[in-house]
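# Provided below are the primary sequence and the corresponding predicted coordinates.
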Amino acid sequence: MLIITCPYCGPREQSEFHYGGEAHIARPADPQALTDGQWAEFVFMRSNVKGVFAERWNHSSGCRKWFNALRDTSTDRFLAVYEMGAKPPQIDAPELRTPAGEPLIGSGNDETKVMTEAEMTEAEMTEDLGGGS
Amino acid sequence: MNQPFRLPEGGLIDRDKPVTFRFDGKSYGGFAGDTLASALLANGVHHVARSFKYHRPRGILGAGPEDPAALVQLEPNTARTEPNLRATEIELYEGLNAGAQNCWPSLGFDIGAINDVFSRFFPAGFYYKTFMGGPGWMFFERFIRASAGLGVAPGEIDPDHYEHTNRHCDVLIIGAGPAGLAAARAAASTGARVILAEQTAHPGGQLLDEAAGQTTIDGMSARDWVKAVREEIEAAPEAMVLTRTNGFGYYNDNWFALCQQLQDHLPLAERDANKPRQRLWHVRARHIILATGAIERPLVFAGNDRPGVMLAGAVRHYLHRHAVLPGRRAAILANNNSAWQTAFDLKTAGAEMAAILDTRPDAPQVLRDRAEALGIPVKTGAAVTGTLGRRRIKAARTGDIEGDRIAIGSAEMIGCDLLAVSGGWSPNVALFSQSRGQLRYDDDIAGFRPARSWQEEATVGAANGTFDLAACLAEGAAAGANAARVAGFDDASQSVPRVSAPHAIDYDITPAWRLPMERKTDRAFVDMHNDVTSKDLDLAVREGYRSVEHAKRYTTLGMGTDQGKTSSVNGFGILSEILDTPIPEIGVTTYRPPFKPVTFGAVAGQHVGANFHPRRTTPMHEAHVEVGATFEIVGDWLRARVYPRAGEDFDAALQRECKAARTQLGMLDASTLGKIDIRGKNAREFLNRIYSNAWLKLPPGRCRYGLMLNEDGMVFDDGVTACLSDDHFHMTTTTGGAAGVLNWLEDYAQTEWPDLEVYLTSVTEQWAVASLCGPNSTALMAELLDDLDPDPESFPFMSWRPAHIAGIPVRVFRISFTGELSYEINIPARYGRWLWDRCMALGEKHGITPYGTEGMHLLRAEAGFVIVGQDTDGTVTPIDLGMDWAVKKTADFVGARSLTRPDTARTDRRQFVGLLSEDPTIVLPEGSQIIATPHETEPRTPMIGYVTSSYMSPNFSRSIALGLVEGGHTRMGEPVYVANKNGTPHRASISPVNFLKELGGAS
Amino acid sequence: MTEPVAASPLAHREPLTAERVSVSETAFLGMLSLRGRPATIGEQAASALGAPLPSAVGETAVAGNITALWLGPDDWLLVTPPGNEAALGTKLSDALTGTHHQLTDVSDYYTAIDVTGAAARDVMSKLMVIDLHPRALKPGMIVATVCAKANVWLHVTGSADRPVLRLIVRRSHADYLWCLIAESGREFGLPPQLPVGRVKLHLPHFE
């Protein structure tokens, strides 16, 4: 279970939240002015990002407020939360390790389970890693 | 009782508490403190199981959760029976009964062992190859299932109870071996909240698996040190030690799942019915320390699965914890130093040592000297090439390793009743890998160890590849102090335990992933849980399954209840040899929770039976129960469905209730309807945007029916909303849709139109609702109301009034879901039961009849009213429902634009119509397909719709139905056919939905 | 005979008592839901209540016999003794006239289950995922969260070692939670309770 930081209530358990899909999909101001294609794009089409994704969450069992979050979908880690109506903060996207778009660590992707010597830092090569690595 | 292999002294057993138990139908003796495995070994029983696939005799290989094959059925043929438990982990209790599993008729003579004779016909991939063609899996399944597999699932309801609990802590330590204890002590000393979890009954880990006095820590014997440290941790203000607790799942954000066994070690009669048998802990930890130790690997050689072949570390475990001598004449086979200790300990305990066989060309002189001093023969560069003995090893055949073969003429038989093996120690990185930490392969220890953490975590001790005791303790203490510091607790005790162990053996290994074999027919088991041999891996690679994940699935290596604890790393090593690829490039398979099996009972916890799920009840609930109503579940609500009288069945009661509601007076408990208070100067505009019909002109005192659509234009809820004042509305929703509608409204209010001044608050349960229906309802209302004339002339349909009943403020709505004269009384919920009883009493003379949800459904079907969710399925527009009148053209609303999409605007869409069967006695089954022809054709008759609602109407004395039919609105009177699984299709005709008008002559 | 009878959601239950934990219903508390932006209604509400509305997560404010619980940035629950809700409602409503707000009487919607005693936190830990430790949840705090499968408001009073955990729950969830709390307290001696939701179901599709 994830910890999600509600902008109003602080870090809380995922079971208190509901997911609301992709963020920043504004409802068109004048739907009748859109072509069928444009309207269908709004109603049906959402992006399916591997990596940093802006999405909506609702603290449904808490303050009942909606908010936005940036989450790395390849590692399931939250990078930022921000209020409805605010612009997403700038996030440095992690360096990718796999051709499929996973970062070096955190995705569980096969390619990232074992570290090669080339990827280890000097300290990791020489030092004993126990005791609070 | 006779325990021929029990040593006269030592061990952590209580010799004053003898225990009698049964295994495979025979009675044995043991002591408190034994495991089932140690007690069986004390009695000389090594053969305890038959293997999964070939039904080969299997013995006790390990001493803990790693054991792959010593699986038994605990308490067979009782409600408490549990399959596939490891004998090495079952704590012995008085009267314990364990059965052998996967064998018939007996463990000793097992028909299924024929599979072993024909094993060359069951290679890796056997299932895939055999069942993809021919008669297929469906045909063979019952035969395969009967002969393969393990234990038997219980057939009765579990009499024990289980529970979940949750904790937050600063530091969670998994494993109470030396490193874990040191970590917990350091962390606990700071006042941080610390949980130390140990899977066995005793903290101490490897320190308990060595001879008393071998090691001194801080001037105490190792066992005294363990006891002192445990006491110190438990005395800390916010620390606790959980024993018999299996930390099995490491999830996101340091969420950790553990299963604690509270009563499994107690005799059945002594278990406390008010305490759970097992407790599932969900722990959220700031920092986690994994001190999960290392798991010893067997060696892969021909005959390595014979009972009596045992891991060298497990032999030490049984010797020192349980005072059991697992064999009287033992041999050792190892590729590393650690197993030599086993030889020395066995000899010291009185066993005869036949030989130490070390696969390495040479062994350290210091070990050779000790062996010589003890008179133990040593052979280096040696392999075992076969074992003899049916249910227990009698002899091992050895030979000299020459490259990848055995030197010709070097074979020799060594008589032994125990072969202790060690292929090295694999850091137990299962939980570390679950946390998505990254591993690296360390040549020095020939194993994978943690490289980089992904979460707030540190791995210490043998789990981190640190095998030296002093280093383990230092590493643990440092990690404990650091973890506390991360959580904000700084003043950890800095003392590092001082170790004195003059005879400790340094770990040194030269891997030998598989030993050479002499004959082509020899088999060496890599995975003794799933009967996977080294040759299966050869085959998998030959057939193209080169990725470690593919080879795993093709051969089943590392699958099953043991999850490859003893087999995975050997498998990786063998694949590396076959593919001539370095092990780090072979990689590892994915470690997933649970680390070891968890009972379904613990997973379900206390949320079972009547406590499984909320059953919401209305304020009038007990009134329905008292008169014998039957109920249905709507959303989470329990709603009275019908009120059968004595001698009445469901249908008779339904007919009576519906007749009364139209001809006299019916009363429905409508309390469950969703209710939302909507307030703000833009409330009206808000309603106008979220309902498909027009709301700007509804005056205070009036009500309006509204439809809600999703943006795709499909109906998703409906209800009546009343205008309380210009900026204040009372919305009702369907019972099941209440929560969803409020969330949906909040979504629009907060995210799309934050500029609109509107607030929404649920008032669903503030009000109890009695809905009165029928010609006599006005008379009853007149008696009930203090201050309101209910005459429909002055209080017209679709209006509402505030009023009082016996001084209690109520809201009365003149709305109807039955097409009949109706009043809905909303009263504060605390008076709901009183109001119901009052209506029943005053209404008696008016023929009041309570009706349930089934009656409501029937009555509204007579009136042709749709039930969203029954007559609609998320693909139905208001136009499809024939409710064009509820679609405004003047302003935008949610879903409006979708109604002109080409597909939504089609005129041949499935449309909501009435259906009258030609035979009025036939009630068309709900859900039936509607077809256009009187017979069904091959290959498939086109389906033009289906029946959504269907009833026998008491008021029209015939059946009526509603359904969705392609182009139905323009096909009034046309015949259609309703598929009938029991015969020819029923003929029916399409009609308007309002049967009151069609059949009853109402206007 | 015509005198209206009020029944609380747990009127059919007797208080449960064991050595280290007790469970009881506090029925008919006056409860008002107040919605509004602090900038819009804060001053008027404060003068009507006699204390400023709490402004941050976890906070409560007490003024006389009124306790204001923070539920969200524009959302409060005002709790007052039984029978006082109408007067409080009128007073607040008058004070807030002309502002954008919503004041709703929810006294009948919710009831309060009080779990008290030294073992109260242990009992409730079995049903709640949030941190109930006194270091995290101090007397005087409010949390909107989940208990088993129901949404609840948890208001803590009493002392750190003898807390009163007040669960404010929907009336239709009260019996479900009551029975689960009793089950969780079994090891401490609370008697098992059978949910009233165990009734005859008519399920023709499964017959």
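In hand now; what should we look at?

# Could you list the residues of the stretch 301-450 of chain B in contact with chain A?
Within the stretch 301-450 of chain B, the residues that sit near chain A (Cβ under 8 Å from any Cβ of the partner chain) are B:S433, B:R436, B:G437, B:Q438, B:L439, B:R440, B:Y441, B:F448, B:R449, B:P450. In this view, the C-beta of every residue, glycine as well, is placed from N, C-alpha and C.

# and the chain, what are its domains?
You didn't say which chain, so I picked chain A. Domain ranges of chain A: A:3-96, A:107-133, per automatic domain parsing.

# meant chain C actually
Domains of chain C are assigned by automatic domain parsing as C:16-27+C:109-206, C:30-105.

# among the ones you listed, which gets the worst mean confidence?
Ranked by mean pLDDT, these end with domain C:16-27+C:109-206 at the bottom, a mean of 94.

# residues contacting B:L473?
By Cβ atoms under 8 Å, 6 or more residues apart in numbering or on different chains, the contact list for B:L473 reads B:P178, B:A179, B:A182, B:I217, B:V496, B:P497, B:V499.

# Likewise for B:P65?
Here B:P65 is in contact with B:R86, B:T88, B:E89, B:Q199, B:N246, B:D562, B:K565, B:F595, B:K596 (criterion: Cβ under 8 Å, 6+ apart).

# same thing with B:P700?
Contacts of B:P700 (Cβ under 8 Å, 6+ apart): B:C723, B:L724, B:S725, B:D726.

# Kindly report the same for B:E757.
B:G680, B:K681, B:N682, C:H100.

# Helices of the stretch 301-450 of chain B, start to end?
Listed in chain order, the helices of the stretch 301-450 of chain B (DSSP state H, counting those that start in this stretch) span B:312-322, B:338-348, B:365-374, B:430-434.

# Likewise for chain C?
C:38-49, C:85-95, C:120-125, C:171-184 (DSSP state H).

# Check the stretch 101-250 of chain B too.
Counting by DSSP H, counting those that start in this stretch, the helices of the stretch 101-250 of chain B are B:114-117, B:126-131, B:137-147, B:178-188, B:222-235.

# Name the nearest residue to the closest residue to chain C within the stretch 651-800 of chain B, ignoring sequence neighbours.
Nearest residue of the stretch 651-800 of chain B to chain C: B:Y759, at 3.7 Å (Cβ to the nearest Cβ). Counting by Cβ to Cβ, 6 or more residues apart in numbering or on different chains, B:Y759 lies nearest to C:Q102, which is 3.7 Å off, once chain neighbours are set aside.

# Please report how far the one you found lies from chain A.
Noted for C:Q102: a distance of 13 Å to chain A, by Cβ to the nearest Cβ, to the nearest Å.

# so how far is B:R679 from that residue?
4 Å (Cβ to Cβ, to the nearest Å).

# and for the two, which residues touch both?
Joint contacts of C:Q102 and B:R679 (Cβ under 8 Å, 6+ apart) are B:Y759, B:T761, C:R35.

# any chance of these in a markdown table, with distance to B:Q365 too?
Shown next, in a markdown table, are the shared contacts of C:Q102 and B:R679 (distance: Cβ to Cβ, whole Å):
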| residue | distance to B:Q365 |
| --- | --- |
| B:Y759 | 85 |
| B:T761 | 83 |
| C:R35 | 83 |
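
# Would you verify that B:V526 is located in a helix?
No - per DSSP: H, G, I helix; E, B strand; the rest coil, B:V526 lies outside any helix segment and is strand.

# Can you give me the distance of it to B:G558?
Distance of B:V526 to B:G558, computed by Cβ to Cβ: 9 Å.

# Under the pLDDT cut-off, which ranges of chain A? List them.
Scanning chain A for pLDDT under 70 picks out A:125-133.

# can you pull out the helices in it?
Here chain A has its helices, by DSSP H, at A:36-44, A:122-126.

# so which of the domains of chain A comes closest to chain C?
Evaluated with Cβ to the nearest Cβ, the domains of chain A place domain A:3-96 nearest to chain C, the distance being 3.2 Å.

# From one end of the closest one to the other, what's the distance?
Domain A:3-96 has its terminal residues 24 Å apart, counting by Cα to Cα, to the nearest Å.

# Can you get me the centre-to-centre distance for that domain and its chain?
The chain centre lies 8 Å from the centre of domain A:3-96; the measure is Cα atoms, centre = their mean, to the nearest Å.

# Would it count as contacting chain C?
Yes - residues of domain A:3-96 are located near chain C by Cβ under 8 Å from any Cβ, namely A:8-10, A:12-13, A:15-16, A:60-65.

# so what's the residue nearest to the spatial centre of chain A up against?
Centroid-nearest residue in chain A: A:R71, 1.1 Å away (criterion: Cα atoms, centre = their mean). A:R71 makes contacts with A:V52, A:F53, A:E55, A:R77, A:F78, A:L79, as judged by Cβ under 8 Å, 6+ apart.

# These, buried ones only, as a ChimeraX selection?
Buried residues among these (16 or more other Cβ atoms under 10 Å in any protein chain shown), as a ChimeraX selection:
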select /A:52,53,55,77,78,79
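
# Point me to the residue of chain C nearest chain B.
At 2.6 Å from chain B, C:G197 is the closest residue in chain C, using Cβ to the nearest Cβ.

# ok, that residue - contacts?
B:A610, B:P614, B:R615, B:R616, B:T617, B:L638, C:D175, C:Y176.

# Next up, the contacts around residue 38.
Because you didn't say which chain, this covers chain A. Counting by Cβ under 8 Å, 6+ apart, A:Q38 makes contact with A:P28.

# My question was about chain C, not that one.
C:P38 sits next to C:L53, C:S55, C:P73, C:D74 when contact means Cβ under 8 Å, 6+ apart.

# Keep these, but drop any that are not near chain B.
Checking the contacts of C:P38 against chain B by Cβ under 8 Å from any Cβ, the ones in range are C:D74.

# The contacts of C:P38, buried ones only, as a ChimeraX selection?
Buried residues among the contacts of C:P38 (16+ other Cβ under 10 Å), as a ChimeraX selection:
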select /C:53,73,74
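
# What is the nearest of the contacts of C:P38 to chain A?
Chain A lies nearest to C:P73 out of the contacts of C:P38, by Cβ to the nearest Cβ, at 5.1 Å.
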